[in-house]
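J.: My questions are about this predicted structure, shown below with the sequence.
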Amino acid sequence: MKQFSLSLQLTPRQVEEYYRGRAQQVVAEAADGRIIQLPIKVLHSFISKQGIQGDFLVTTDDDNRFVKIAPLKRDDSHGSLLDAMG
């Protein structure tokens, strides 16, 4: 298993483009500089009125196939977990 931390900042308009079928994949840069491609369907539970905003931990198998995504919680007194992970 491999894990990647990334930050997503998708506006409501960008999310709407995915719903309209104009794009199937979200492409983002992980904290370590690698480019991560995710199907929009794995992000559905994170959509809010503000779009999709936050730091996430993506887990893949050894062949880089998506396994799961989880939000990283912020600890405002010490920065975010994303910062702590590098």
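T.: Received the coordinates, thanks. Owing to the predicted nature of the structure, the values given are computational and were not obtained by experimental measurement. Residues are numbered from 1 along each chain as shown.

J.: Contact partners for residue 21?
T.: Counting by Cβ atoms under 8 Å, 6 or more residues apart in numbering, residue 21 touches no other residue. The way it works is simple: take the backbone N, C-alpha and C, and place the C-beta from them, glycine included.

J.: so how far is residue 35 from it?
T.: Distance of residue 21 to residue 35, computed by Cβ to Cβ, to the nearest Å: 23 Å.

J.: most residues in a single helix of the protein, which one?
T.: Under DSSP state H, the helix in the chain containing the largest number of residues is helix 12-19.

J.: Which positions in that one come out as buried?
T.: Buried residues in helix 12-19, counted by 16 or more other Cβ atoms under 10 Å: 15, 18.

J.: Only alpha carbons, please: show it as PDB.
T.: What follows is helix 12-19 as a C-alpha-only set of coordinates in PDB (Å, rounded to 0.1, in the frame of the first residue of the first chain):
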ATOM      1  CA  PRO A  12     -18.600  24.800  -6.700                       C
ATOM      2  CA  ARG A  13     -18.400  25.600 -10.400                       C
ATOM      3  CA  GLN A  14     -15.500  23.200 -10.900                       C
ATOM      4  CA  VAL A  15     -17.500  20.400  -9.200                       C
ATOM      5  CA  GLU A  16     -20.500  21.200 -11.400                       C
ATOM      6  CA  GLU A  17     -18.300  20.600 -14.500                       C
ATOM      7  CA  TYR A  18     -17.600  17.100 -13.200                       C
ATOM      8  CA  TYR A  19     -21.300  16.500 -12.600                       C
END
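
J.: For the helix or strand following that helix, which strands pair with it and how are they oriented?
T.: Sequence-wise, the next helix or strand downstream of helix 12-19 (DSSP states H and E) is strand 25-29. Partner strands and pairing direction for strand 25-29 (DSSP bridges) are strand 35-39 (antiparallel).

J.: buried sites along the partner strand?
T.: Of the residues in strand 35-39, those with enough neighbours to count as buried (16+ other Cβ under 10 Å) are 36, 38.
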